[in-house]
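*Asks:* here you go, sequence then predicted model.
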Amino acid sequence: MSKRGVVGMLTAAAMVAAVGAGPIAFAKSKPPTPSGDMNLRFQGFELAGAAGTQQVSIDGIGQLSVNSSGDITTGSETFTAVNPLTPESDVCTGSVTGTITAPTGAFASGTGEFAISLSYTPGTGLGSLCIATTTDLTCNRTLAHKNLTDDLDVGQYHCVVTGVTALPSTTIGASMDAHIDIVSGNNAPQS
């Protein structure tokens with residue numbers, strides 16, 4: 001075979017490889033990019049008053065900004081608190097910070113439970129039911145894209161409240177559940 005024939009075959013093979021790889025390269029999608037913007041919803045009740053004799057119903061919403069390592073850098077929360085015994089009701093607003101901690105070991109190892117801590121600081125001039133608290137949650141997570149398992153700012157967290165502390169250090173009994181989920185970005189739920 002002549003040198004010209006070998007060069008021609010190599011050139012043709014390179015063109016076939018380039019054309020054949022083109023559709024494959026275009027078919028590969030970029031991994032989802034989380035936005036870190038998450039919704040917060042919670043409801044239930046806290047026990048308040050002397051010896052926890054009063055039940056205060058809580059129903060609230062909020063927005064959280066979370067980074068991929070699980071730091072809740074900024075957030076806001078609005079909730080209605082109702083004590084039917086007094087009767088008293090307040091609409092409480094304020095800021096939220098906190099952390100999301102993944103389970104130890106690989107994703108979904110052990111119990112697969114995530115721990116979330118939310119610190120609420122009320123705004124000024126609010127009613128007596130609007131107090132600074134730290135709320136601890138135990139959560140599991142639904143994740144749409146398996147390649148984002150290490151990004152804690154994605155998915156849908158389904159939580160139960162395991163403890164509420166009125167700052168600086170008074171433990172409050174509570175029975176609440178919470179949901180935290182992503183609202184925008186490539187990993188947001190599709191409607």
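*Replies:* Received, thanks. Note that the coordinates shown come from a computational prediction; the quantities given were computed from them, not determined experimentally.
*Asks:* what helix or strand is residue 82 on?
*Replies:* strand 71-83 (DSSP states H and E).
*Asks:* what is that strand packed up against?
*Replies:* strand 37-48, strand 54-66, strand 88-101, strand 114-122 (3 or more CB pairs under 8 Å, 6 or more residues apart in numbering; DSSP states H and E). C-betas here are computed from N, CA, C, even on glycine.
*Asks:* state the mean pLDDT of that strand.
*Replies:* Taken as a whole, strand 71-83 carries a mean pLDDT of 93.
*Asks:* pull the contacting residues for the residue nearest to residue 94 when sequence neighbours are not counted.
*Replies:* Spatial nearest neighbour of residue 94, excluding adjacent residues (CB to CB, 6 or more residues apart in numbering): residue 122 at 4.2 Å. Residue 122 makes contacts with 92-94, 130-132, as judged by CB atoms under 8 Å, 6 or more residues apart in numbering.
*Asks:* may I see the helices and strands packed on strand 71-83 arranged in JSON lines, with mean pLDDT and distance to residue 73 as well?
*Replies:* Output for the helices and strands packed on strand 71-83, formatted as JSON lines (pLDDT from 0 to 100; distance: least, CB to CB, whole Å):
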{"stretch": "strand 37-48", "mean pLDDT": "88", "distance to residue 73": "11"}
{"stretch": "strand 54-66", "mean pLDDT": "91", "distance to residue 73": "5"}
{"stretch": "strand 88-101", "mean pLDDT": "94", "distance to residue 73": "7"}
{"stretch": "strand 114-122", "mean pLDDT": "94", "distance to residue 73": "12"}
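*Asks:* wait, which of those is closest to residue 142?
*Replies:* strand 114-122 (11.4 Å; CB to CB).
*Asks:* what residues of the very next helix or strand once past that closest one count as buried?
*Replies:* The helix or strand immediately downstream of strand 114-122 is strand 133-142, counting by DSSP H and E. For strand 133-142, a neighbour-count test (16 or more other CB atoms under 10 Å) marks 133-137, 139-141 as buried.
*Asks:* strand partners (parallel or antiparallel) of the strand holding residue 82?
*Replies:* strand 54-66 (antiparallel), strand 88-101 (antiparallel) (DSSP bridges).
*Asks:* dump the ones you listed to JSON lines, plus mean neighbour count.
*Replies:* Shown next, in JSON lines, are these (neighbours: other CB atoms under 10 Å):
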{"stretch": "strand 54-66", "mean neighbour count": "19"}
{"stretch": "strand 88-101", "mean neighbour count": "17"}
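*Asks:* appreciated, that's everything.
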